[in-house]
Each structure stands twice: as structure tokens, then as C-alpha cells.
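Asks: Coordinates for the following, if possible.
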Amino acid sequence: MVTLFGFKNTLLLIVVLLFSISFSCQEKKEKQKEDSSQLITTAKVPASQIITGAEQIRAYLPLLKNKTIGVVANQTSILKSNTVKVENGKEVFMFTTKHLIDFLFKKNLTIQAVFAPEHGFRGNAVAGELVKNGIDTKTGLPIISLYGKSKKPTDKQLENIEAMVFDIQDVGARFYTYISTLHYVMEACAENNIPLIVLDRPNPNGHYIDGPILEKEFSSFIGMHPVPVVHGMTIGEYAQMINGEGWLKNKIQCDLTVIPLLNYTHNTPYSLPIKPSPNLPNDTAINLYPSLCFFEGTPVSVGRGTNMQFQVFGAPFLPKKYFDFTFIPQPNDGVKYPKNEGKICYGKDLRNEKRLEKLNLEWLISAYNNSPDKEHFFTPFFKKLAGTKKLQEQIEKGYTYREIRKTWLKDLKEYEGMREKYLLYD
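Replies: The predicted structure is shown next:
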């Protein structure tokens, strides 16, 4: 027989149990909701979707747990999150993005500093502009520039850092300076016994290899290694090559971990979700960039100061008869003082060109041949871009593109053999 006192106690116990179960279920739902917005691996995704290293969260979070970390990042350091909804009986995949720094910060990891490459942490500094140290307004984290007084983290800046994360989108050209930043970060980490974790990202120009190999005497921040202009590697593969070939100072070795991509091959087309720098606004510009960047060592504009950057070229002195497209460079968000500012440039519109699968030197050769002042067509900067003096000499001597490219083939074959050792993808 149940007494009144016993009944009350039983009733109270039932209420407490029901509340606990309800609270536990709600807590589980909230956690599932949070996880699904952050972890791409928990959501159903199309089988063909490329998953970046940054999205392989379970592979690298354990490596950072209970450690003070540094992060090399910029505006491209994002994670995609997937949600699935049903419309008219069909699954529709929706994507949202989160910055790596915001994600790691929310995970309560101890981030000592963020290191930013050329163009800065938010990617809005123009090409060549020195970037100053600062504070991230969203997280309050210190931002240390690797494109200012120093291009390499100092020992003092690395004090107390126990692991470094590198997550930056590259475009696969030797003179794009993010791989030079990678080199100096690897070197600094090696010298300070700090493990480096590279979160791999696709190379939008990874489907081909081309161009002259850089010669040591022309080494600079826009070309540090003996590789062709288009090297055909992801940034993770490239990091492995820097280590494996002993290119760091005194052949020191970096404690390197690469978090690989999923569903990726070098021939997989990839459209960048965020422009990697102010003057590469779209897929066409990124594809044309390795070929058109040679013009940066000449008086010819590549469209800086327009909304067609690296999709056109032209100069005031090129004859209208052969160069019938015109544009006028003006200062904009991508450049303060554009080449040929305020002048009508005659040139070519390349926005409808087919996707390049090798370098195009025809445009450069044509511009040189039609220049009225050939003696001053090439600036000293051109040799740094080319990584050799031979290319300028060949063009000046009247070599055709085919004749020039034949002189690269032996070196390119040797490079391919070296590159093979470090590939992570077909």
C-alpha cells in the first residue's frame, strides 16, 4: 500500500526524470545543430564535392588540443558547412562558410597570433603594399604581418607557440608569393622546433606544368625555388617538396603534417569561393594569370585599375590596327596607382578565351613586336618574373613561342620526375 508521502516522492521523482530526459534531448539537439553547422564531415555531401584540409576537422583538431597555436591565414581561410533540404521531393545542398579563425576561436583553442601574408589578413591590401601589424576586431587576436618589415616570423613572435597552422589558397604560379610565405614559415618553425600543420587546398592551375625553371641568380620573394612558372602542385604537396629537396636554410627540416583534400585530382576543375587577392576576381583571371603576369615587367597593363584585371592587356603605344580593344586604367580597390593611369590603352579582351592548359606567350611576343620602343619594353623586373634572362633574350632575338618552349622541355621533364615524389593526388 502506497502512503501519501511515498506517492509524493514517487511523483517528484517522475517529474525530475522527465525533465532530465527532456533537457538531455534538447542539449543533444543543440549539439547536433552546432556540429552540423561546423563539421562538414557530419553532413551528407555530394560524392564529387571537394573537401578541403580545413574541412577535415577531425584530422587536425586533436593535433591542436591543449596547445598554444599560431595560424597563418587570410580571407581565403574558410570552411564550408553543408545543410540539406528537400524541395519538390529532391535533396538540395546548401552551403554556408565560416572563417577558420572564427571556428578555432569558438572551439576555445588558445590562439596566440594570426600571421598574414601579402594583401593582409582580410585580403584587401594592393599588390606590393607593405602590410602593418594590427588587431582582428572580431576576435581581438593580434595580426602579425609577413609582408612588412619582415617576411619571416621572428623567434620572439613564435615564443610559447606549440603548433602552427597554415591555411591559405594558392593559385599555382611560382611568382604568387603565398608559397614564399610558406617557405619562411616552414623555416621559422623548423628553427624553433614548432610542428607545422598545412591544411591543403586545390590548385586551380594544377592541371598543367609549364614555363622556364627559375635559375638561382634570379631568386627573390617572387620566386624562391627551382620550379617552373606553373608548378602543378597543391600547397600541401609544395610544402613536402620544400622539405624533401632541402630548400630551407642549412637544409633544416620542418616537422610537417599535411591534412589532405578529399575527392580531388590535379585535373579536377575548381572554382575558388573567395578571390585569393584583390586583382584575381574570378576563374578566368586566375587561369590567365600565369601567362599575363609577364606583362608586369613591361609597360603593358594587365587591366589593373579596371574590373577586368588579368583578363585584358593593353598599352597606349600599341597600334589600334591590331589591338582594337580599349580600356582606361583608374585607381580602384585593387590598385592606387595603376600603370598607364588615365590613358587609353589599346589591346586585347581575353575574357572569352578557352581555359588554358599551357602558358600563352603569343600575347607577350605580339606586344613586343608591335612596340615602337623595343629597347625599353622589358624592365629589370621581367627577369625576376621569368626566373631567367633567357626568355627576354629569346623574344628579342625573334624566337617563336614554339621555339622558346622547346628549350624548356628537358628541364620540365626533370622537374616532373622530382615533383612525382611529393604528389598526394593523381
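Asks: hey, let's count contacts and neighbours off CA atoms from now on
Replies: Will do.
Asks: roughly how far apart are Tyr415 and Glu245?
Replies: Distance, Tyr415 to Glu245, by C-alpha to C-alpha, to the nearest Å: 12 Å.
Asks: Compare these two and say which is more crowded by neighbours.
Replies: Taking neighbours as other C-alpha atoms under 10 Å, Tyr415 and Glu245 compare with Tyr415 leading, 17 against 13.
Asks: Assumed the more buried one was part of a helix.
Replies: Yes: using DSSP: H, G, I helix; E, B strand; the rest coil, the assignment for Tyr415 is a helix.
Asks: which one is it nearest to, not counting chain neighbours?
Replies: Of all residues not flanking Tyr415 in the chain, Val227 sits nearest, at 7.0 Å (C-alpha to C-alpha, 6 or more residues apart in numbering).
Asks: dump the residue contacts of the one you found.
Replies: Shown in contact with Val227 (C-alpha atoms under 8 Å, 6 or more residues apart in numbering): Arg174, Pro212, Ile213, Leu214, Tyr415.
Asks: Compare these and tell me which is most surrounded.
Replies: Ranked by the number of neighbours (other C-alpha under 10 Å), these place Arg174 first, at 28 neighbours.
Asks: the domain parsing of the protein - what is it?
Replies: Following automatic domain parsing, the chain resolves into domains at 53-272, 283-388.
Asks: just so I know, which of those domains lies nearest Leu423?
Replies: Distance to Leu423, taken as C-alpha to C-alpha, is lowest for domain 53-272 among those, at 5.7 Å.
Asks: Can you give me the end-to-end span of the closest one?
Replies: For domain 53-272, the first-to-last residue distance is 15 Å (C-alpha to C-alpha).
Asks: Helix, strand, or coil at Pro202?
Replies: Applying three-state DSSP: Pro202 is coil.
Asks: What distance do you get for it to Gly297?
Replies: Distance, Pro202 to Gly297, using C-alpha to C-alpha: 28 Å.
Asks: the more surrounded of the two?
Replies: Pro202 (29 against 18).
Asks: The more buried one and Tyr264 touch, don't they?
Replies: Yes: here Pro202 reaches Tyr264: they are 7.4 Å apart, a contact under C-alpha atoms under 8 Å.
Asks: Taking the centroid of the protein, which residue is nearest it?
Replies: The centroid of the chain falls nearest to Gln169 when counting by C-alpha atoms, centre = their mean (1.7 Å).
Asks: Helices along the stretch 101-250 of the chain, start to end?
Replies: With DSSP state H, counting those that start in this stretch, the ranges of helices along the stretch 101-250 of the chain come out as 178-191, 235-244.
Asks: These: which one's closest to Pro278?
Replies: The minimum distance between Pro278 and the helices of the stretch 101-250 of the chain falls on helix 178-191, with 14.0 Å, by C-alpha to C-alpha.
Asks: Which among the domains of the chain is found nearest to Thr407?
Replies: Comparison of the domains of the chain against Thr407 by C-alpha to C-alpha identifies domain 53-272 as nearest, at 8.4 Å.
Asks: so for the closest one, what's the average pLDDT?
Replies: For domain 53-272, mean pLDDT is 91.
Asks: returning to what we had before: now the domains of the chain as TSV including distance to Gly398?
Replies: As requested, these are exported to TSV (distance: least, C-alpha to C-alpha, whole Å):
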stretch	distance to Gly398
domain 53-272	17
domain 283-388	8
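Asks: helix, strand or coil for the nearest residue to Ser220 once chain neighbours are set aside?
Replies: Distances taken as C-alpha to C-alpha, 6+ apart place Lys384 nearest to Ser220, at 7.1 Å, with adjacent residues excluded. Secondary structure state of Lys384, per three-state DSSP, is helix.
Asks: ok, Lys384 to Ile365 distance?
Replies: Lys384 is 18 Å from Ile365, by C-alpha to C-alpha.
Asks: Who has more neighbours out of those two?
Replies: Lys384 (22 against 19).
Asks: quick one: low-confidence parts of the stretch 301-426 of the chain?
Replies: Nowhere does the stretch 301-426 of the chain drop to pLDDT under 70.
Asks: need the helices for it, in chain order.
Replies: Under DSSP H, counting those that start in this stretch, the stretch 301-426 of the chain gives helices at 362-369, 380-386, 390-396, 401-406, 409-420.
Asks: follow-up on the earlier one: look up phi and psi at the residue nearest to Tyr415.
Replies: Dihedral angles of Val227 (phi, psi; degrees, to the nearest 10) stand at phi -130, psi 160.
Asks: Please report how far it lies from Ser180.
Replies: Per C-alpha to C-alpha, Val227 is found 12 Å from Ser180.
Asks: cool, and Lys152?
Replies: Remark: distance between Lys152 and Ser180 (C-alpha to C-alpha) = 10 Å.
Asks: now do Lys65
Replies: From Lys65 to Ser180 the distance is 28 Å (C-alpha to C-alpha).
Asks: What's the local residue count around the nearest residue to Lys343 once chain neighbours are set aside?
Replies: Nearest non-adjacent residue to Lys343, counting by C-alpha to C-alpha, 6+ apart: Ile328, 5.5 Å away. Using other C-alpha under 10 Å, Ile328 has 21 other residues around it.
Asks: doesn't Gly347 make contact with Ile328?
Replies: No: applying C-alpha under 8 Å, one finds Ile328 not in contact with Gly347, separated by 11.0 Å.
Asks: if we can go back for a sec, for the contacts of Val227, which one is nearest Gln394?
Replies: Nearest to Gln394 out of the contacts of Val227 is Pro212 (C-alpha to C-alpha; 12.0 Å).
Asks: wait, what's in contact with the closest one?
Replies: By C-alpha under 8 Å, 6+ apart, the neighbours of Pro212 are Val227, Pro228, Val229, Ala386, Gly387, Thr388, Leu391, Trp408, Asp411, Leu412.
Asks: do Arg304 as well
Replies: Counting by C-alpha under 8 Å, 6+ apart, Arg304 has contacts Asn279, Phe310, Pro329, Gly334, Val335, Pro338, Lys339.
Asks: Same question for Leu64.
Replies: Listed by C-alpha under 8 Å, 6+ apart, the contact set of Leu64 reads Leu109, Ala163.
Asks: thinking again about what came up before, between Lys65 and Ser180, which one's more packed in?
Replies: Of the pair Lys65 and Ser180, Ser180 is the one with more neighbours under other C-alpha under 10 Å, namely 21 against 14.
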